[in-house]
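Novice: Sequence unavailable; structure follows:
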C-alpha cells in the first residue's frame, strides 16, 4: 500500500462522515502529514503511515460504526465490545483505523470533544502536537512528527488553522501537573535532539518554538489541583504506559 493510498483513505473517511452529519477528525501521523509539508519533503523527517487515527463523539459511536461498515471496514468486535465506550478499531485488508471517542487516552487523557472544529479535516495543530508530546517513551517516528509540526508552524496565542496555539496547551497543562511534566520533559528532549534530524537553521527555529511553548506553560496560573500534585512530584508516577493494540 502506498503512502498516497493511506492519505486518500483517511480523507475519504472524514468526507464520508461530514456528508453523514457526523463529527470526525484526523489525528496522528497521517493528520500531521496532511497538515505539514516537511513530512513529505524533508529527507530526515519522511516516514511511512501504515494506519489511520481519527477522533469522534461517543454519542455518535453507533452511527460511526455503520459509517465504517458502509466504507468497507470491518469492526474488531471483541475490542469494540470491551472498549467501545471510549475507543473502537476497524480494519480492511490493507489498513487499520483507530477511532477515539471524546478523548485521546494513552499516557495521559486529552479531552477532545470540543476540539472537532468546523471546517477542519484534522484536529487543531495544538492537539496534534499534544497527542505526540504526551507519549512518555517517544520513538523515532514520534520525534519526527513533533519536529515536522514545530518546523512548519509558528507559535501563536489563539487558534489558527496554520499555527500552534500555545495558550491552549498552557491552559490544559495548568490544570494537570502530570501532563505539564511530560510535555516539559519531551519539549526539552526535542530541543536537545533536533540537530540529529535538522540543519542548523532548522534546529534554531524548532528550539525557539519549543522554548516559546515551555515559557507559556510555565507562566500560566496553576490550579489548586496542579499545585497539590506538584507537591508530591515524581515520587509517584504521573502517567500510564498503555499496552500496544495488536494490529
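Specialist: Great, that's in hand. Since the structure is predicted, the reported quantities are computational estimates derived from the model, not experimental observations. Numbering: from 1, shown residues only.

Novice: quick one: contacts for residue 173?
Specialist: Neighbouring residues of residue 173 by CB atoms under 8 Å, 6 or more residues apart in numbering: 179, 180, 183, 217, 220. No exception for glycine: its C-beta is placed from N, CA and C like everyone else's.

Novice: can we see that at 7 Å?
Specialist: Contacts of residue 173 were listed using CB atoms under 7 Å, 6 or more residues apart in numbering, and they are 179, 180, 183, 217.

Novice: Okay, and the closest residue to it other than its chain neighbours sits in which element?
Specialist: Nearest residue to residue 173, sequence neighbours excluded (CB to CB, 6 or more residues apart in numbering): residue 180, at 3.8 Å. For residue 180, the element it lies in under DSSP states H and E is helix 177-193.

Novice: Which strands or helices does that helix pack on?
Specialist: Here helix 177-193 touches helix 125-133, helix 140-152, helix 166-173, helix 200-219, helix 224-232, going by 3 or more CB pairs under 7 Å, 6 or more residues apart in numbering; DSSP states H and E.

Novice: Export these to JSON lines and append columns for distance to residue 40 and mean pLDDT.
Specialist: Below are these laid out as JSON lines (distance: least, CB to CB, whole Å; pLDDT from 0 to 100):
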{"stretch": "helix 125-133", "distance to residue 40": "16", "mean pLDDT": "98"}
{"stretch": "helix 140-152", "distance to residue 40": "9", "mean pLDDT": "97"}
{"stretch": "helix 166-173", "distance to residue 40": "25", "mean pLDDT": "98"}
{"stretch": "helix 200-219", "distance to residue 40": "16", "mean pLDDT": "98"}
{"stretch": "helix 224-232", "distance to residue 40": "38", "mean pLDDT": "98"}
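
Novice: What are the phi and psi values at the nearest residue in space to residue 100 that is not next to it in sequence?
Specialist: For residue 100, ignoring the flanking residues on the chain, the nearest one in space by CB to CB, 6+ apart is residue 55 at 4.4 Å. With angles defined as degrees, to the nearest 10, residue 55 sits at phi -130, psi 140.

Novice: Against residue 111, how distant is residue 55?
Specialist: Distance from residue 55 to residue 111, counting by CB to CB, to the nearest Å: 11 Å.

Novice: Okay then, goodbye and thanks.
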